[in-house]
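In: with the sequence up front, the predicted model follows.
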Amino acid sequence: MAVMATPAREVSVFGDAIAYFKEAADLLELDAGMRRILTSPARQIIFAIPFQRDSGEFEVYTGYRVQFSFARGPAKGGIRYHPGVTLDEVTALAFWMTWKCAVVDLPFGGGKGGVTCDPSTLSMNEIERITRRYAAELVEVVGPDKDVPAPDVNTTPQIMAWFMDTYSMHVRQNQPGVVTGKPLEIGGSRGRVEATGRGVTICALDEMSEIGLQPEKATVAIQGFGNVGKYAAKLFEERGCRVVGISDVTGAYYNQEGIYVSGAMAHVAQFGTLEGFKGGDKITNAELLASPCDVLVPAALEKVFTAETAAKVQAKLIVEGANGPTTPEADRIFREKGIVVIPDIMANAGGVTVSYFEWVQDRMGYFWKESEVNQRLEEFLLANLHEIRAIGNARGATLRTSAYTLAIDRVVKALKMRGIYA
Ligand code: NAD
């Protein structure tokens, strides 16, 4: 196991996150030393994952875990299985997690992990062997009080169960609080699956009331119909909004009269994607982003809004379900056009907030009803969204800059109280 701690300031994928960080750091008048500390990962770990394929052949993959900050508590962040996983990417995502946990006031730092692999070429048995080796390599540095992973791209509750079991076997005691996003049967939380989409809707409805958009008169378009997008769509519909556009990797569907979201969900459950969905006119994903709607929710990929796509947006409110969907150039355009943006670190923090609730329930050994989870989620998100809005009003800043300002200020205060142990 190679353990390194190198500055991440020049890492390319950091670009957008660093740009947003700098704007808030300027507003807070942070000195150069504090900026250096806040942009340097506390620990980066790279290790080999040798494993045996079902055919008997041996392969070696590379695993990563980056623990960016422990200032406010154990590191927290998902594990990604994807061919594009690199140390740069994992570091950038761990940096983001630091601000996301701080902005909703969770007692966590920021972390992220990954394995460079293509899960579509692996059997379940192979994925289990990779996961168990990945967990075993991290036994000394993860734990309920050290670092608490969770699912991310291509990792599932089953994978979290294997991670938890491997860790528990090594430490010789049951430790469900070592990971979140577990199946309900072994310490998962009710409400976790819908939590990110629910958080998107909670933030959106609150901001809609602020800018005078009544739910019954509002139209919503959503890019991406996966875990975040489909539950957000369903909850918008439940709250009386008209969902006029949805999309996934196969294309987009628009219906001015409103799309029947449960029908779209049933279609995806049956066929795997929205391909062939008859509840709206087929358009391109680019057309969806430029379509007439009041609220636009990117819930698929990063860098969706560039200078070109942002210029065509007609929505009044953008709610970032995805991580990093808006480039700094697009953000400037939204500002000029007066489009309000609820930034990713706030808008999609519902998932990590219910992960926090899962960790709390595991440690208590007492599990809440779904209604309690949802109520606490709403309280956490709204309290912090209101605080962000107050900062924005006082300083004349956007919600994004205000969110970073709140998050960075909380981490700085924790660091200063603890002191730098040198
Ligand atoms: P997912 O894999 O469940 O769904 C992704 C959806 O996006 C799918 O419907 C896919 O078809 C669609 N998509 C992919 N490429 C597309 C394209 N080019 N155009 C339109 N649609 C496309 O993923 P998810 O968990 O819903 O995550 C979506 C985003 O939200 C990611 O940025 C993720 O990092 C972020 N996020 C997820 C969570 C969570 O709890 N799941 C939490 C915070 C942030």
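Out: That came through fine.
In: need the contact list for whichever residue of the stretch 51-200 of the chain sits closest to the ligand.
Out: In the stretch 51-200 of the chain, no residue comes nearer to the ligand than Thr196, which is 3.6 Å away by CB to the nearest ligand atom. In this view, the C-beta of every residue, glycine as well, is placed from N, C-alpha and C. Shown in contact with Thr196 (CB atoms under 8 Å, 6 or more residues apart in numbering): 227-228, 231-232, 321, 348, 350-351.
In: what does Thr306 give?
Out: So Thr306 contacts 327, 329-330 (CB under 8 Å, 6+ apart).
In: can you give me the distance of it to the ligand?
Out: According to CB to the nearest ligand atom, to the nearest Å, Thr306 and the ligand sit 13 Å apart.
In: same check, this time on Ser355
Out: Where the ligand is concerned, Ser355 sits at a distance of 9 Å (CB to the nearest ligand atom).
In: now the host helix or strand of that residue: mean pLDDT?
Out: Assessed by DSSP states H and E, Ser355 sits inside helix 350-364. In this model, helix 350-364 carries a mean pLDDT of 98.
In: same question for stretch 245-254.
Out: The average pLDDT within stretch 245-254 is 97.
In: is the ligand within reach of it?
Out: Yes - for stretch 245-254, a contact with the ligand is found by CB under 6 Å from any ligand atom, at 247-249.
In: mind listing residues that contact that stretch?
Out: 220-226, 229, 233, 244, 255, 259, 261, 264, 268, 273-275, 277, 279-285, 287-288, 291, 293, 300.
In: can I get the buried part of these as one PyMOL selection?
Out: To isolate the buried members of these in PyMOL, using 16 or more other CB atoms under 10 Å:
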select buried, resi 220+221+222+223+224+225+226+229+233+244+259+261+264+268+274+277+279+280+282+283+285+287+288+291+293+300
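In: so which of the contacts of stretch 245-254 also contact the ligand?
Out: Restricting the contacts of stretch 245-254 to those near the ligand by CB under 6 Å from any ligand atom leaves 223-226, 229, 285, 300.
In: circling back: then the helix holding Ser355 to CSV, C-alphas only?
Out: Output of helix 350-364 as CSV, limited to C-alpha atoms (Å, rounded to 0.1, in the frame of the first residue of the first chain):
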residue,chain,number,x,y,z
GLY,A,350,-29.8,14.7,0.1
GLY,A,351,-27.9,11.4,-0.6
VAL,A,352,-25.0,12.1,1.8
THR,A,353,-27.4,13.5,4.4
VAL,A,354,-29.4,10.2,4.5
SER,A,355,-26.0,8.4,4.5
TYR,A,356,-25.2,10.3,7.7
PHE,A,357,-28.6,9.2,9.1
GLU,A,358,-27.7,5.6,8.2
TRP,A,359,-24.3,6.0,10.1
VAL,A,360,-26.1,7.4,13.1
GLN,A,361,-28.7,4.6,13.1
ASP,A,362,-26.0,2.0,12.8
ARG,A,363,-24.2,3.4,15.8
MET,A,364,-27.4,3.5,17.8
